[in-house]
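Undergrad: heads up, no residue letters with this:
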């Protein structure tokens, strides 16, 4: 058991926070720490820096994904730009540095590269003796995740491990764990029961669309395109915290003709995503690391639509290569692609079989168990 554990994320997108929450639950379930704190690093930075990291990120995702993709590629130069980036981060994270030096955790577990970089620098300067574990929350690894001073990395895939070894990270310091998701996604929940519980049709194919925790993305355009489906389907539209989007979709539902092949079920922010995934047959949307890992745990093939350039596009490449996804780059033909997939039960069954091979539903527990095994090394 660890004495004091600090789990560190950053609210630049919902995925890093959810990964941290999953690890926290695993620590609690295994009773692996006497004292446990889960902190958003951005809460210990100045207001301008917070806005740059969180709100600006969401704005870029929603309105300028090409810019985000350019930035991703520009900074993906292993072991370069570190001094400049670290100088900028140190300038804005004074309260965070003070907090971690005062707290002196035995172990810091980072699900975002910002705290990992700061801790690595503090360890280099011998101003902190904390052990550091870094969890990469995408299927690919970006240069910003690379640190010189750490104890262990956790990654999603064997290919990611091989990539990091080529970049100089020793194999014994990398574990292929999968991306940590809430342990609830490892629970087997009956499809029919979940459909009944959430008011869904028992027999219609169900497509889950998630706008993410922040409710961004072209959901209305997706649903409009799905209206051209030849197959009758039901669409579970998860709107996240975007109440205006949910209201607009509810209005859309009331205007649909009776013979429309698509039934829409708008859902606001929910803590029962695992149940909606259990009820679904396909998931439609972006290819973020956390949502994708949750879908794989629930044996859901993916229909990836216009992934954000950068990490989501690289995630998409891996998922396509592993045979668990199809990709649609042109929303007007989305209905055609889904009709084609639904019309090929053998292919759909193979995709579902491939999800079982790739899924790691107990990644969070596996990570904490590995950390416990490394504690006395």
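TA: That came through, no problem. For clarity, every value in this text was computed on a predicted model and none was experimentally measured.

Undergrad: going forward, measure contacts and count neighbours with C-alpha atoms only.
TA: Will do.

Undergrad: Low-confidence ranges, the stretch 151-300 of the chain, go.
TA: Counting by pLDDT under 70, the stretch 151-300 of the chain contains low-confidence residues at 211-217.

Undergrad: where along it do the helices fall?
TA: For the stretch 151-300 of the chain, the helices defined by DSSP state H, counting those that start in this stretch cover 158-166, 191-197, 219-226, 243-255, 273-279, 289-297.

Undergrad: Relative to residue 3, which of these is closest?
TA: Among the helices of the stretch 151-300 of the chain, the nearest to residue 3 by CA to CA is helix 289-297 (28.3 Å).

Undergrad: what mean pLDDT does the longest helix along the chain have?
TA: Of all the segments of type helix in the chain, defined by DSSP state H, the longest one is helix 15-30. For helix 15-30, mean pLDDT is 95.

Undergrad: who does that helix touch, helix- and strand-wise?
TA: strand 2-9, strand 33-40, helix 289-297, helix 363-374 (3 or more CA pairs under 8 Å, 6 or more residues apart in numbering; DSSP states H and E).

Undergrad: Please report the distance of the residue nearest the centre of the chain from residue 206.
TA: With distances taken as CA atoms, centre = their mean, the residue of the chain nearest its centroid is residue 290 (2.1 Å). Applying CA to CA, to the nearest Å, the value for residue 290 to residue 206 is 21 Å.

Undergrad: if we can go back for a sec, in the longest helix of the chain, which residues are buried?
TA: 15-28 (16 or more other CA atoms under 10 Å).

Undergrad: tell me which of the residues you listed is nearest to residue 229?
TA: residue 15 (31.0 Å).

Undergrad: just checking, that closest one touches residue 289?
TA: Yes - applying CA atoms under 8 Å, one finds residue 15 in contact with residue 289, separated by 7.1 Å.

Undergrad: anything in contact with each of those two?
TA: residue 137 (CA atoms under 8 Å, 6 or more residues apart in numbering).

Undergrad: need the contact list for residue 342.
TA: Taking CA under 8 Å, 6+ apart, one finds 231, 348 in contact with residue 342.

Undergrad: Could you measure from it over to residue 67?
TA: For residue 342, the distance to residue 67 - CA to CA - is 35 Å.

Undergrad: Could you do residue 267 as well?
TA: The separation that residue 267 has from residue 67, given CA to CA, amounts to 30 Å.

Undergrad: The two: which is more packed in?
TA: The neighbour comparison of residue 267 against residue 67 (other CA atoms under 10 Å) goes to residue 267, with 21 against 14.

Undergrad: How much space separates the residue nearest to the more buried one when sequence neighbours are not counted from residue 23?
TA: Closest residue to residue 267 apart from its sequence neighbours, by CA to CA, 6 or more residues apart in numbering: residue 238 at 4.8 Å. Plainly put, residue 238 is 24 Å away from residue 23 if you go by CA to CA.

Undergrad: Then residue 48?
TA: 29 Å.

Undergrad: Also residue 205?
TA: 33 Å.

Undergrad: Residue 137 is in contact with the residue nearest to the centre of the chain, correct?
TA: Yes - counting by CA under 8 Å, residue 137 is a contact partner of residue 290 at 7.0 Å.

Undergrad: if I look at those two, which residues touch both of them?
TA: 15, 19, 179-180.

Undergrad: Among the residues you listed, which one lies nearest to residue 309?
TA: residue 15 (16.5 Å).

Undergrad: tell me the contacts of the spatially closest residue to the closest one that is not a sequence neighbour?
TA: Once flanking residues are discounted, residue 15 sits nearest to residue 290: 5.5 Å by CA to CA, 6+ apart. Counting by CA under 8 Å, 6+ apart, residue 290 touches 15, 18-19, 137-138, 179-181.

Undergrad: Go ahead and confirm residue 314 touches residue 140.
TA: Yes - shown here, residue 314 and residue 140 form a contact pair, counting by CA under 8 Å, at 6.4 Å.

Undergrad: More neighbours: the two, which one.
TA: A direct count of neighbours by other CA under 10 Å for residue 314 and residue 140 places residue 140 higher, at 24 against 19.

Undergrad: gap between the closest residue to that one other than its chain neighbours and residue 301?
TA: Nearest residue to residue 140 in three dimensions, chain neighbours excluded: residue 160, at 5.8 Å (CA to CA, 6+ apart). Using CA to CA, we find residue 160 at a distance of 22 Å from residue 301.
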